[in-house]
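Engineer: can't give you the sequence, but here's the structure:
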């Protein structure tokens, strides 16, 4: 029997994701891919992959999978408590699943998205060179569902070199996101208007974007010279901080539209874009200028 | 001899630059000059993963492997722009795609009213010139087409439709376009085509890409 991962149950959402599909933006398809790229890469490296295999991106736990054939897996990202046939296993560690073993994920105490990498990768049919689900354009495989049997590809030549990665340091206080200059910073008179107040993550956040509402105080206003300015749509990148007319910034994530009509006043660093993909609705956030 | 194409290179985070130019004509000139460099170039050009033209800008995204790339890319783009003729017409080369249309759209009469043309003259104007793909972005395979008959400029509908069928051919402002799949939309609808704009199993998946030229032809059946 060729090895596979059988989906027994899912939580709110489980998606196949890899490093995404760059190169198609000019015909309307964004890169997509894992929302938290550093967690994705860590899970892959733990099972011996330095390429870009497809993994499961699990939103708020709740996933149960069964191994068909012996599998080597690893978890990274949001620390969902994990059990194999009822026995607790390490987050950010190499886990061996014997044939028939069931891996189950509880709800993470912090963060949103947990990455389950399988040595060999989840070898579903790629679309435009990637196995990522793009929730905005609809390109890529559908969300995984109970009963799905996901084939596992051939193992890479490299073997896992560590048994576990060190746990990430717990954060105290609000999440801090670092800002680089955006093309339309002048529309708000510079990014100081973003770094001053505290922010709360909106409830309507998804893989397309995260809305930030001011904790107290007014929404962000445009600078006088740009109050009535019109901006034709222009290209965007992951981590772009857009300012819609309501004055509540939106940080765009992996499945953002390739172009947008709201001014991009700042752009998060890569690490902060990864962190933004783990923000929970209601969580407090602080923005600051990235150190040069 | 002109002094090159004026560009402003704007920051877009650690892996990209946004290049702003005067107008859409300049976008077409710049994008046509950048595309071959990205396809076959070396150095920083080889690390550009996406070139995204829009109405006044061209976004260039790199693979992120070298943090110095945005600065290097800005310099390289300024170098290319300085060598371009800012007053030259947009390049018209590009593969020609024929799109047969049944001109029986719901807004055909309104477009005729607004333009002061008869329905037959609207169809003749729409089919009378080539249209150039300026940029995409709204949905996979959608292309904003420009360069058509200027008499066909009509505003978007005041209230968008909740669902526009796939293959609908429409007008909005200076643009024409074809809906690749059923979606909400506010364009004035002239007709329908059976041509498949987007098929991810096809190579290439998008029928229309920046630089392509579209010839609409009257497929009849408009009654």
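Structural biologist: Great, that's in hand. Values in this document were obtained by computation on a predicted structure and should not be read as measured data.

Engineer: what does chain B put close to chain A?
Structural biologist: Residues of chain B lying close to chain A by Cβ under 8 Å from any Cβ of the partner chain are B:10-16, B:18, B:20, B:49-59, B:61, B:63-64, B:135-143, B:198, B:200, B:204-206, B:208-210. (Glycine included, C-beta is placed from N, CA and C.)

Engineer: All the helices of chain A, in order from the start?
Structural biologist: A:37-46, A:192-195, A:270-276 (DSSP state H).

Engineer: ugh, wrong one, chain B
Structural biologist: B:24-40, B:69-82, B:108-115, B:119-128.

Engineer: Identify the residues contacting the first one?
Structural biologist: If you take Cβ atoms under 8 Å, 6 or more residues apart in numbering or on different chains as the criterion, helix B:24-40 is touched by B:5-7, B:19, B:21, B:45, B:48, B:51, B:53-58, B:60, B:76-77, B:80-81, B:84-86, B:88-91, B:93, B:132, B:134-135, B:146, B:174, B:210-211.

Engineer: now the third one
Structural biologist: The set of residues that contact helix B:108-115 without belonging to it, under Cβ under 8 Å, 6+ apart, is B:117-119, B:121-122, B:125, B:151-155, B:171, B:188-191.

Engineer: Which two of those have the greatest separation?
Structural biologist: Greatest spatial distance among those (Cβ to Cβ): B:118 and B:155, at 20.0 Å.

Engineer: quick one: least confident helix or strand in chain B?
Structural biologist: strand B:183-185 (a mean of 90; mean pLDDT, DSSP states H and E).

Engineer: and that strand, how far out from the chain's middle?
Structural biologist: Centroid displacement of strand B:183-185 relative to its chain, using Cα atoms, centre = their mean, to the nearest Å, is 18 Å.

Engineer: Which stretches in chain B count as strands?
Structural biologist: Taking DSSP state E as the test, the strands found in chain B are B:8-11, B:16-20, B:48-53, B:57-62, B:96-101, B:131-135, B:144-146, B:161-164, B:168-172, B:175-178, B:183-185, B:188-192, B:213-218.

Engineer: Pull up the gap between residue B:103 and residue A:167, please.
Structural biologist: Distance, residue B:103 to residue A:167, by Cβ to Cβ, to the nearest Å: 65 Å.

Engineer: Excluding chain neighbours, give the residue nearest to residue A:49 in space.
Structural biologist: For residue A:49, ignoring the flanking residues on the chain, the nearest one in space by Cβ to Cβ, 6 or more residues apart in numbering or on different chains is residue A:156 at 5.5 Å.

Engineer: Now for that neighbour: which residues touch it?
Structural biologist: Residues counted as contacts of residue A:156 (Cβ under 8 Å, 6+ apart) are A:48-51, A:119-120.

Engineer: Output the below-cut-off pLDDT ranges for the stretch 151-292 of chain A.
Structural biologist: For the stretch 151-292 of chain A, the stretches flagged by pLDDT under 70 are A:169-170.

Engineer: let's see it at 80
Structural biologist: A:161-164, A:166-172, A:217, A:292 (pLDDT under 80).

Engineer: what does it have sitting close to chain B?
Structural biologist: Residues of the stretch 151-292 of chain A lying near chain B (Cβ under 8 Å from any Cβ): A:180-184, A:232-237, A:239-240, A:257-259, A:264, A:267-270.

Engineer: Check which residues of the least confident helix or strand of chain B are buried.
Structural biologist: Buried positions in strand B:183-185, judged by neighbour count with 16 or more other Cβ atoms under 10 Å in any protein chain shown: B:183, B:185.

Engineer: Ok, stretch B:107-119 next?
Structural biologist: Residues B:107-108, B:111-112, B:114-115, B:117, B:119 are the ones in stretch B:107-119 that count as buried (16+ other Cβ under 10 Å).

Engineer: what's the burial count for residue B:181?
Structural biologist: Neighbourhood size, residue B:181 [other Cβ atoms under 10 Å in any protein chain shown]: 16.

Engineer: and the closest residue to residue B:175 other than its chain neighbours, what pLDDT?
Structural biologist: Computed as Cβ to Cβ, 6+ apart, the closest residue to residue B:175 that is not its neighbour in sequence is residue B:144, at 4.8 Å. Predicted confidence (pLDDT) for residue B:144: 95.

Engineer: hang on, isn't residue B:144 packed against residue B:136?
Structural biologist: Yes. Assessed by Cβ atoms under 8 Å, residue B:144 is found in contact with residue B:136 at 7.0 Å.

Engineer: Between those two, which has more neighbouring residues?
Structural biologist: Higher neighbour count among residue B:144 and residue B:136: residue B:136, with 28 against 25, using other Cβ under 10 Å.

Engineer: Next up, the contacts around the more buried one.
Structural biologist: Per Cβ under 8 Å, 6+ apart, neighbours of residue B:136: A:26-28, A:258, B:142-144, B:206, B:208-210.

Engineer: got any residues that touch both of residue B:144 and residue B:136?
Structural biologist: With the criterion set as Cβ under 8 Å, 6+ apart, the contacts of residue B:144 and residue B:136 do not overlap.

Engineer: Let me know the pLDDT of the closest residue to residue B:140 other than its chain neighbours.
Structural biologist: Spatial nearest neighbour of residue B:140, chain neighbours left out: residue A:28 (4.5 Å); criterion: Cβ to Cβ, 6+ apart. Listed pLDDT for residue A:28 reads 95.

Engineer: tell me the contacts of the spatially most central residue of chain A?
Structural biologist: Nearest to the centroid of the C-alpha atoms of chain A, with distances taken as Cα atoms, centre = their mean, sits residue A:35, at 1.8 Å. Shown in contact with residue A:35 (Cβ under 8 Å, 6+ apart): A:17, A:57, A:113, A:207, A:253-255, A:274, A:277.

Engineer: if you set the cut-off to 10 Å instead, what comes out?
Structural biologist: By Cβ atoms under 10 Å, 6 or more residues apart in numbering or on different chains, the contact set of residue A:35 is A:15, A:17, A:57, A:59, A:77, A:112-113, A:115, A:135, A:206-207, A:238, A:253-255, A:273-274, A:276-278.

Engineer: The residue nearest to residue B:175 and residue B:170 touch, don't they?
Structural biologist: No. Counting by Cβ atoms under 10 Å, residue B:144 does not reach residue B:170; the two are 11.1 Å apart.

Engineer: Give the residues shared as contacts by the two.
Structural biologist: Common neighbours of residue B:144 and residue B:170 (Cβ under 10 Å, 6+ apart) are B:176-177.

Engineer: Specify the residue ranges that define each domain of chain A.
Structural biologist: A:4-151, A:175-289 (automatic domain parsing).

Engineer: Span of the longest one from start to end?
Structural biologist: The first and last residues of domain A:4-151 sit 4 Å apart, counting by Cα to Cα, to the nearest Å.

Engineer: for that domain, the distance to its chain's centre please.
Structural biologist: 11 Å.

Engineer: Also the last one?
Structural biologist: Centroid separation for domain A:175-289 versus its chain: 17 Å, with Cα atoms, centre = their mean.

Engineer: Quick one: end-to-end length of that domain, please.
Structural biologist: Start-to-end, domain A:175-289 (Cα to Cα) is 14 Å.

Engineer: where does chain B dip in pLDDT?
Structural biologist: B:1-3, B:86-94, B:221-223.

Engineer: what's the nearest residue to the residue nearest to the centre of chain A if we skip its chain neighbours?
Structural biologist: Closest residue to residue A:35 apart from its sequence neighbours, by Cβ to Cβ, 6+ apart: residue A:277 at 3.7 Å.
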